[in-house]
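Trainee: dropping a prediction and its sequence here:
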Amino acid sequence: MIREESAEDHFLFPTKAQPVTHTLDQPRKTTERAGFRVDLQGLRALAVLLVMCYHIWFSRVSGGVDIFLMLSAFFLTSSTARRIARGQRPPLLDGWLHRFSRLIPQAAVVIIGVVIAAWIILPSTRWLELIDQSNASLFYWQNWYLSNHQVDYYAFNTAAASPLQHFWSLSVQGQIFIIWPLVLAGSALVWKKFFSRRSFALVAGSAFGAIFVGSLAYSIHITATNQQVAYFHTGARLWEFALGSLLALALPWLSTLPEKIRRIGGWAGLVTVIGSGAVLDVQGQFPGFMALVPTVAAALVIAAPAPRSWANPSGLLSLPPLVKLGDLSYGMYLWHWPMLVFYLEVSGNEKASFLAGAILIAASIGASWCTTKFIEKPAIAWQASPSFSRLIPQAGFKLIAQFAVVALGIGVASLPVLAWENNVEHRRALAAAQTDTDNPGANATEDWDPSPAALTLPLATELDGEWQTPGIACEGPNAPEDKRIHFCEQGGDFDGGAPDLVLLGDSHMQHWSAAASAMIEEAGGSWILVYEPGCRYGSDADRVDDTCSDFQDAAQDYVADLAPQMVLTTASKTVAAPDAMLRSPGEQETLVDNYAEMIQPLLDAGSRVIAMRDTPRYTYSIPECVDSNKGELDNCDGSAGYALNSVNPVEQFLDSKDYGNQVVSLDMTGLLCPDGVCKAVIGNVLTYLDDSHLSKTFVLSAKRQFATSFKEATNWE
């Protein structure tokens, strides 16, 4: 997957093979210099094939990436340590340019291809994310981007795979390729100043040993506490690189162990490398101590006897097809993932069949061969060109050429990303120029004639701004003292008294807050919104999450103490899909399971409770569907009879109780589903911002309709 110093010279130009495992202060009894390890190319190929097979056919990760991380440090440390041990200075600027000038050309081509394909194929709901990821991938920051966006209730497309997601490991490696030469240079300085009579391997090994221990301890901790972040965290991966470096430094001593022991260890390691992805939960438990399994297994393979014999693992790993695939492994890794993502997007399948997967693997190998032969190799050959030797010294020209390759790759790859950004800005400008008659939303009349050129609002690239958080954070006497309440907003004129209305619940209560707050404020009243995403007030089923359980208890006490005039809650709960018994979503709509018990303290405090019916849910994103069905928006509509119960569960509940006017029902289904059809677009406005949450633009357009329904239900003026 990665090109390294010295090693890659052989990979790209076999006639110039250089030894990878030169002796580094070897013991006296070990005098034979080891030649270039062709079997390690086979190990690369095996690792990338495992990554591809597990991604494509099993929707899992294999541990192959961890092997790549270790191998990249192994090669880097081997070549640099040999140089230092010979008394040469450790390469810094020239070393950085050397590596990145080999990495960037193919990466730039893949990023350009992904940007163009995503612009054409993927819905615009994903554009901004992919623009950000394109820049993050190009500048080796993708792992931090993914780490920062892992856990966010309000994030879009969290389940949708990004065609650039696999750049996280390349980003970690790029960061290490900057850090590792500094560690080696620092070790060389310490060795020269204080320990010149000892081996350099011992000094550098002490540094990498400290990194290994510290990073592994941190990795175990963060994997146990926040595995989603740990998976992409550079600090949690440092030890894998340190292991590769320690192996490179210790290999001469390991080579003195009995061949039989190393041979047995090598075969055991090879079997473990192949099988660890099937046995271990790589995606859920890595990179803590479990990542030691594939990395130590790969280390055993590297430490095994190198002669190409069928008695040794090297005999298998040195087979010409594997070695050739090792030459292409970097490009194979780059290409396979976006090809898989785009195939699944276009086909609509959740996973690839055996035949489709085989075609994807073959296509990845073919694409890698093309970019290696026609992009990477010419770029490397140009850097070594003697054409300008009369004008510029060869060493100086090589640095300039390497810098030019890096700058050109980044610059060329940035052009389509910039064009994509400009297209998004152009659409924003067009949308801003539209008038209310272009997007009346809920106020569209029967004779309204939409302009064919008018864009549907909100734009799919602007959905992050469609979550409703009106007002300001709760303050003064309204500020919750209980830290279990995380989200609280307020607005209107309190005038020292209790609020007129408290909106209490989850995000399905939040998505009516723009209309409810506007209604209250226009009447001169006050309101408070207190909510917890994903936590339906009164639901015992949601209490399996401690945060939700804590919120319900704290919110109940908080609202009861406020004693508002009215409390608006979502009293029923809808679902999107049939259940295991094949009941439709409508048949599954029911009253929140512990609703009566949870509203009783609010009633005892003198508040009226408005029990609101839940909104329909979809199995697909409304904006993405609309984006893909321009001119055929009816394809994105749903049936109220299918999505909702034939009888409102709230009405059934009230009929069975004797609350009088203290608990009333509010049902906005008629607004969202006129004539029994739940509309994806009303008045050229998206009703939903995803698959279940109303867009702020639509709710604001429906302020009048919401106020009318609310006042009819409550007789409130």
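Mentor: Structure received. Numbers count the residues shown, from 1 in each chain.
Trainee: which parts of the stretch 401-550 of the chain are strands?
Mentor: Using DSSP state E, counting those that start in this stretch, the strands found in the stretch 401-550 of the chain span residues 472-473, 487-492, 501-505, 526-531.
Trainee: top helix in this protein by residue count?
Mentor: Assignment by DSSP state H gives helix 394-432 as the longest helix of the chain.
Trainee: quick one: mean pLDDT over that helix.
Mentor: For helix 394-432, mean pLDDT rounds to 93.
Trainee: for stretch 191-210, same thing?
Mentor: Stretch 191-210 comes out at a mean pLDDT of 94.
Trainee: please shift the residue numbers so they start at 30 in all later answers.
Mentor: All set: I'll call the first residue 30, so the last point we hit is now stretch 220-239.
Trainee: sorry, back to before: who does the longest helix of the chain touch, helix- and strand-wise?
Mentor: helix 122-150, helix 156-167, helix 406-412 (3 or more C-beta pairs under 8 Å, 6 or more residues apart in numbering; DSSP states H and E). Every residue, glycine included, has its C-beta placed from N, CA and C.
Trainee: specify the angle between the second one and helix 122-150 in degrees.
Mentor: Interaxial angle, helix 156-167 versus helix 122-150 (axes from the mean of the first three to the mean of the last three C-alpha atoms, to 10 degrees): 160 degrees.
Trainee: chain center to helix 156-167, what's the gap?
Mentor: Here helix 156-167 is found 11 Å from its chain centre; the criterion is C-alpha atoms, centre = their mean, to the nearest Å.
Trainee: the nearest residue to residue 536 once chain neighbours are set aside and residue 722: what is the separation?
Mentor: Excluding the flanking residues, the one nearest residue 536 by C-beta to C-beta, 6 or more residues apart in numbering is residue 562, at 4.8 Å. Residue 562 is 10 Å from residue 722, where distance means C-beta to C-beta, to the nearest Å.
Trainee: and those two? Which one has more around it.
Mentor: For residue 562 versus residue 722, the count of surrounding residues by other C-beta atoms under 10 Å is larger for residue 722: 22 against 18.
Trainee: that older thread, who touches both of residue 562 and residue 722?
Mentor: The contact sets of residue 562 and residue 722 overlap at residue 536 (C-beta atoms under 8 Å, 6 or more residues apart in numbering).
Trainee: list the contacts for residue 394?
Mentor: Contacts for residue 394 (C-beta under 8 Å, 6+ apart) come out as 354, 357, 361.
Trainee: the longest helix of the chain to helix 122-150, inter-axis angle?
Mentor: Orientation check (the same axes, to 10 degrees): helix 423-461 against helix 122-150 gives 30 degrees.
Trainee: give the buried residues for the helix or strand hosting residue 248.
Mentor: If you go by DSSP states H and E, residue 248 is part of helix 229-254. Within helix 229-254, the residues that qualify as buried are 229-230, 232-234, 236-237, 240-241, 244-245, 247-249, 251-252, counting by 16 or more other C-beta atoms under 10 Å.
Trainee: which among these gets closest to residue 606?
Mentor: Nearest to residue 606 among the buried residues of helix 229-254: residue 252, at 32.5 Å, using C-beta to C-beta.
Trainee: would you check that that closest one makes contact with residue 315?
Mentor: Yes. Contact criterion C-beta atoms under 8 Å: residue 252 and residue 315 qualify, at 7.1 Å.
Trainee: any residues in contact with both of those two?
Mentor: residue 260.
Trainee: from the chain's centroid, how far away is stretch 313-331?
Mentor: Distance of stretch 313-331 from its chain centroid, counting by C-alpha atoms, centre = their mean, is 23 Å.
Trainee: kindly report the same for stretch 693-706.
Mentor: On the basis of C-alpha atoms, centre = their mean, stretch 693-706 is displaced by 36 Å from the centre of the chain it belongs to.
Trainee: kindly report the same for stretch 376-385.
Mentor: Using C-alpha atoms, centre = their mean, the offset of stretch 376-385 from its chain centre is 22 Å.
Trainee: may I see the buried residues of that stretch?
Mentor: Neighbour counts over stretch 376-385 (16+ other C-beta under 10 Å) mark 381, 385 as buried.
Trainee: and it, C-alpha only, in PDB?
Mentor: Provided in PDB are the C-alpha atoms of stretch 376-385 (Å, rounded to 0.1, in the frame of the first residue of the first chain):
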ATOM      1  CA  SER A 376     -26.900  -0.800  -8.000                       C
ATOM      2  CA  GLY A 377     -28.900  -0.100  -4.900                       C
ATOM      3  CA  ASN A 378     -27.400  -3.300  -3.300                       C
ATOM      4  CA  GLU A 379     -26.300  -3.500   0.300                       C
ATOM      5  CA  LYS A 380     -23.300  -5.700  -0.600                       C
ATOM      6  CA  ALA A 381     -21.600  -7.100  -3.600                       C
ATOM      7  CA  SER A 382     -22.300 -10.600  -4.900                       C
ATOM      8  CA  PHE A 383     -19.400 -13.000  -5.500                       C
ATOM      9  CA  LEU A 384     -19.300 -12.200  -9.200                       C
ATOM     10  CA  ALA A 385     -19.700  -8.400  -8.700                       C
END
